[in-house]
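J.: kindly generate the corresponding structure for this input.
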Amino acid sequence: MKVLYQRKSDDKTRNLILNSSFSCKRFYSKINSMIKRINNFGQLVIEYSFFLLFFFTPLIMTPFNYELFEYNKMMLTYAFTVLIFGAWLIKMTLNGQIKIARTPLDAPLLLFLSSQIISTYLSIDPHVSIWGYYSRSNGGLLSTFAYIILYYAFATNFPFEKIGKLLKFAFAGGIIVSVWGIMEHFGASPSCLIFTGKFNVDCWVQDVQNRVFATLGQPNWMAAYLAVLIIIFLSLIVNYIPNLYSNSKDKTQISKFKYQKPDVKAENNNSFLIFMLYCFIALFFLALLFTKSRSGFIGFFASNLLFWLILFLKFKKKILRSFVIINSCFLILVFVFDSPFNQINRFTLAQILKGNHPVSSENTVPTGTSLIEVGITESGKIREIVWKGAIEIIRHYPLFGSGVETFAFSYYKFRPVEHNMTSEWDFLYNKAHNEYLNYAATTGILGLVSYLLFIGMFIFWNLKKLNSEKILLLGLFTGWFSILITNFFGFSVVIVQLFFFLIPAISFVTAQNITFTIHYLTKQSDNSQPNNIQKAVIAVLLFGICYFLFGIMKLWYADTIFARGYHLARSENLTSAYSNIRQAIELNDNEPFYYDELAYPAAQLAVALFQEKETTAAAQLAEGAIGASNLAIAISPKNVNFFKTRTRVFYALSEIDKKYQEEAIKALLTAKELSPTDPKIRYNLAVFAEKEGKTDEAVSELIKTTELKPDYREAYIMLAYLYQKKGDIKKAKESLEFILTKLNPNDAEAKKALEELN
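T.: Residues are numbered from 1 along each chain as shown. So this is what the prediction gives:
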């Protein structure tokens, strides 16, 4: 019996072991299946993130942020970069290999990134160089990292057969932007409907009917975006031209996208699709015209000419019919709706109906024989002045520039005096309005050369591919080429920067000109399960993705709270403004702009409490205001605007204690060093000097003010007052007479003062 029992026990144990083994195999099989699904899901995350990136980036904007457009687009780009990069790392971990695409642009990209890192390290403002100029954020070192990561993630992971779908998403976004802009032109802005519930254009300070910008924020930015899309769209239309490829030995090389349906049975469907493509391209072009952007129009015209020229060299007469139809459509739209150029508009319908009288430029202001009239300065003239300042920056920082994205600060130092005689003399210029000069000024010769090398290498690669039968490659290249032109007259924004870096990646995938660098981390079969190290790495990566996405959301939310406080401060609701900006700082304590904006409301509240005899609370707020100003300047010591705010802070606090007036003067003197051609700084120094009884010093500063800006009315009024105070009636009269003869003959204050002197 014992033996029998023992046998039964052994059989039971054996069965238990076998069942356990089978259960383990099933368990491991399920794990492997789950891991494969995760791997496949990672690929889907990458693909759909790129789809949504191209669709949503031009569209995203909110009424809640300090800057409605570019800041939101940059934050969205960062979020998608985190998702894409994280999914890519998880894929590599699961596959047990490091897989990175090798492309023809690896060397210039590495050199370009190196130039940005060196320039950031040597920057006059490292914070701005890392994060970018606040409100836009695009252009800083972090954004450059994001674009390069997206470039390699696309080239490594994006499948060739999904390019068509990607373009569909990009074109869908473009269609929405175009319809949005066209509706604005006719007085019905969807933005106002969303922001205020009213379907008009009253929510915009800008004349959006005259120059539309839809969801892009500025007409030139919208035009640059549309110029790229139109040319790529042209390549899709050309793909449908009948018999164009009849002599091609291998028609399958023309296009493998879902757009191409060469089946004879689908001929009617193709005809309808061609008609729809014509309608869409007309829609894009009409929206481009309504921006009235000269740079966008020139960029489109040049790239359009290049596109058809190359096609004509390849296909000769076969392309003429399509060329005539499409460009006739463009010409008809220009004839009916005008162009951005008055020289062309002389021949358009509107001018013919008016009798074809010469049209004067909208920016031209008649100049009298005796009056100094600035009027609205033509944008080309302002660009020339800004470019002159940029060249001076290059001369002083030749190798590595003043620092990535620091143009707003370095330009003040070398700002030409001529800028004071423009209608935008008191505007902040944080870009050189020429991408090439901007790179040269902020990142030096190394930055510009590496940037141009990137451009030159991609152009060279495309020239070698001219014999390719893939028309899409030509469309991608010529669309990308328009960016080079629009950037000459302006600068890249987020969506244009995405096109600039990712169109080359799309082109390489389309041409299948990709090789891979692969380093095996673990050698495993397809059925092997991830080891504990891989599982731990994946867990860390998932945590990292969540952490960075949360950080981006936190930054975005801080900006919305700051924006609320900023606007409350402008409406004199100081207590709420102070509270909101403090809350924003708690969420993002590394942004100097927040501290700068906190300082003045805190100082004003301190003065109010002091006047109410609450001295302890007033002293605490005064200390907080000074501390906030100190922190802002400690992070960004070359920001002249922070010193202007500091002057206002100490001037306000001088009502509590006169000792603060000396600190205000010190801040203003530092501002003068940072911006020696700013007439407002000189004028304010004169005001302080007069308050201290230093009349001669005040007069000297005012004379310098009028030399910097000969039409500075307030300076002449103050000069007349000071000359009268000194007993020099003749010079007092001369100052007032200058206003009446050179600036404004109807100036009531000057007339009254002159009558009193007489």
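J.: doesn't residue 74 fall inside a strand?
T.: No. According to DSSP: H, G, I helix; E, B strand; the rest coil, residue 74 belongs to no strand; its state is helix.
J.: pretty sure it is in contact with residue 140, am I right?
T.: No. Using Cβ atoms under 8 Å, residue 74 makes no contact with residue 140, being 9.1 Å away. The way it works is simple: take the backbone N, C-alpha and C, and place the C-beta from them, glycine included.
J.: which neighbours do those two share?
T.: By the contact definition Cβ atoms under 8 Å, 6 or more residues apart in numbering, residue 74 and residue 140 are jointly contacted by residue 132.
J.: higher neighbour count, those two?
T.: The neighbour count for residue 74 versus residue 140, taken as other Cβ atoms under 10 Å, is higher for residue 74 (29 against 23).
J.: need the phi and psi values for residue 676.
T.: Phi and psi for residue 676, reported as degrees, to the nearest 10, are phi -70, psi -20.
J.: use 709 as the first number from now on
T.: Sounds good: first residue 709 from here, last item residue 1384.
J.: contacting residues for it?
T.: Residue 1384 touches residue 1121, counting by Cβ under 8 Å, 6+ apart.
J.: what's the separation between it and residue 1197?
T.: Distance of residue 1384 to residue 1197, given as Cβ to Cβ, to the nearest Å: 28 Å.
J.: same thing with residue 1409?
T.: Residue 1409 is 37 Å from residue 1197, where distance means Cβ to Cβ.
J.: now swap in residue 933 and tell me
T.: Residue 933 sits at a distance of 15 Å from residue 1197 (criterion: Cβ to Cβ).
J.: please say which of these two ends up with more neighbours.
T.: Using other Cβ under 10 Å as the criterion, residue 933 and residue 1197 rank with residue 933 on top: 33 against 20.
J.: any idea which element that one lies in?
T.: helix 927-946 (DSSP states H and E).
J.: list the buried residues of that helix.
T.: For helix 927-946, a neighbour-count test (16 or more other Cβ atoms under 10 Å) marks 927-946 as buried.
J.: now stretch 1136-1148
T.: Using 16+ other Cβ under 10 Å as the burial criterion, the residues of stretch 1136-1148 that qualify are 1137, 1138, 1139, 1140, 1141, 1142, 1143, 1144, 1145, 1146, 1147, 1148.
J.: the helices in the stretch 759-908 of the chain, which residues?
T.: Assigned by DSSP state H, counting those that start in this stretch, the helices in the stretch 759-908 of the chain fall at 778-803, 814-829, 834-839, 849-865, 871-893, 898-904.
J.: scratch that, the stretch 1209-1358 of the chain
T.: Under the criterion DSSP H, counting those that start in this stretch, the stretch 1209-1358 of the chain contains helices at 1240-1278, 1282-1295, 1300-1319, 1323-1343, 1348-1361.
J.: now do the stretch 959-1108 of the chain
T.: Under DSSP H, counting those that start in this stretch, the stretch 959-1108 of the chain gives helices at 975-999, 1002-1023, 1028-1045, 1050-1053, 1057-1061, 1087-1104.
J.: quick one, the longest one and helix 1002-1023 angle?
T.: By that I understand helix 975-999. 150 degrees (axes from the mean of the first three to the mean of the last three Cα atoms, to 10 degrees).
J.: how far off centre is helix 975-999?
T.: How far helix 975-999 lies from its chain's middle: 28 Å, per Cα atoms, centre = their mean, to the nearest Å.
J.: repeat that for stretch 1135-1155.
T.: 14 Å.
J.: tell me which residue is most central in this structure.
T.: Residue closest to the average C-alpha location in the chain (Cα atoms, centre = their mean): residue 1201, at 3.0 Å.
J.: look up how far residue 1159 lies from the closest residue to it other than its chain neighbours.
T.: Among residues not flanking residue 1201 along the chain, residue 929 sits closest, at 4.7 Å (Cβ to Cβ, 6 or more residues apart in numbering). Distance, residue 929 to residue 1159, using Cβ to Cβ: 20 Å.
J.: got it, and residue 1442?
T.: Taking Cβ to Cβ, one finds residue 1442 at 52 Å from residue 1159.
J.: who has more neighbours out of these two?
T.: Here residue 1442 and residue 1159 are compared on neighbour count by other Cβ under 10 Å; more neighbours surround residue 1159, at 21 against 14.
J.: what's the more buried one in contact with, if anything?
T.: Counting by Cβ under 8 Å, 6+ apart, residue 1159 has contacts 820, 1144, 1147, 1151.
J.: now, which of the residues you listed sits nearest residue 1244?
T.: residue 820 (34.8 Å; Cβ to Cβ).
J.: what's the burial count for the closest one?
T.: 24.
J.: any idea of the pLDDT on it?
T.: Listed pLDDT for residue 820 reads 97.
J.: which of the three states applies to the closest residue to it other than its chain neighbours?
T.: Nearest non-adjacent residue to residue 820, counting by Cβ to Cβ, 6+ apart: residue 1158, 4.0 Å away. With three-state DSSP as the basis, residue 1158 sits in helix.
J.: ok, residue 1158 - contacts?
T.: Listed by Cβ under 8 Å, 6+ apart, the contact set of residue 1158 reads 816, 819, 820, 822, 823.
J.: can you do 7 Å?
T.: Residues counted as contacts of residue 1158 (Cβ atoms under 7 Å, 6 or more residues apart in numbering) are 816, 819, 820, 823.
J.: I figured the first one hits residue 1164, correct?
T.: Think residue 816. No. If you go by Cβ atoms under 7 Å, residue 816 and residue 1164 don't touch, sitting 8.0 Å apart.
J.: who's more crowded, the two?
T.: Between residue 816 and residue 1164, counted using other Cβ under 10 Å, the more crowded position is residue 816 (19 against 12).
J.: what about the more buried one, distance to residue 856?
T.: Residue 816 sits 11 Å away from residue 856, going by Cβ to Cβ.
J.: again, but for residue 1462
T.: Using Cβ to Cβ, residue 1462 is found at 64 Å from residue 856.
J.: same question, residue 1050
T.: Residue 1050 is 42 Å from residue 856, by Cβ to Cβ.
J.: kindly report the same for residue 1124.
T.: Distance, residue 1124 to residue 856, by Cβ to Cβ: 35 Å.
J.: do residue 1225 as well
T.: Computed as Cβ to Cβ, the residue 1225 to residue 856 distance reads 15 Å.
J.: so those two - more neighbours on which side?
T.: residue 856 (17 against 11).
J.: pretty sure the more buried one is touching residue 819, no?
T.: No. Counting by Cβ under 7 Å, residue 856 stays clear of residue 819, with 11.8 Å between them.
J.: and the chain, what are its domain boundaries?
T.: Using automatic domain parsing, the domain parsing of the chain gives 871-1068, 1397-1466.
J.: quick one: closest of those to residue 1291.
T.: Comparing the domains of the chain by Cβ to Cβ, domain 871-1068 comes nearest, at 23.2 Å.
J.: of all the residues in stretch 1423-1436, which ones are buried?
T.: So, applying 16+ other Cβ under 10 Å, buried residues of stretch 1423-1436: 1423, 1424, 1425, 1426, 1427, 1428, 1429, 1430, 1431, 1432.
J.: low-confidence ranges in the stretch 809-958 of the chain?
T.: For the stretch 809-958 of the chain, applying pLDDT under 70 flags the ranges 948-958.
J.: make it 50
T.: 951, 953-958 (pLDDT under 50).
J.: circling back: pick the one among the contacts of residue 1159 closest to residue 844.
T.: Within the contacts of residue 1159, proximity to residue 844 (Cβ to Cβ) peaks at residue 1147, which comes in at 16.0 Å.
J.: thought residue 1156 was touching that closest one, still the case?
T.: Yes. Residue 1147 lies in contact with residue 1156 (Cβ under 7 Å); the separation is 4.8 Å.
J.: avg pLDDT for stretch 1322-1334?
T.: Mean pLDDT, stretch 1322-1334: 94.
J.: which residues touch that stretch?
T.: With Cβ under 7 Å, 6+ apart as the test, stretch 1322-1334 has contacts from 1307, 1310, 1311, 1313, 1314, 1317, 1318, 1357, 1361, 1364.
J.: hmm, back to that, tell me the one among the contacts of residue 1158 nearest to residue 1026.
T.: Using Cβ to Cβ, those come closest to residue 1026 at residue 816, 36.0 Å.
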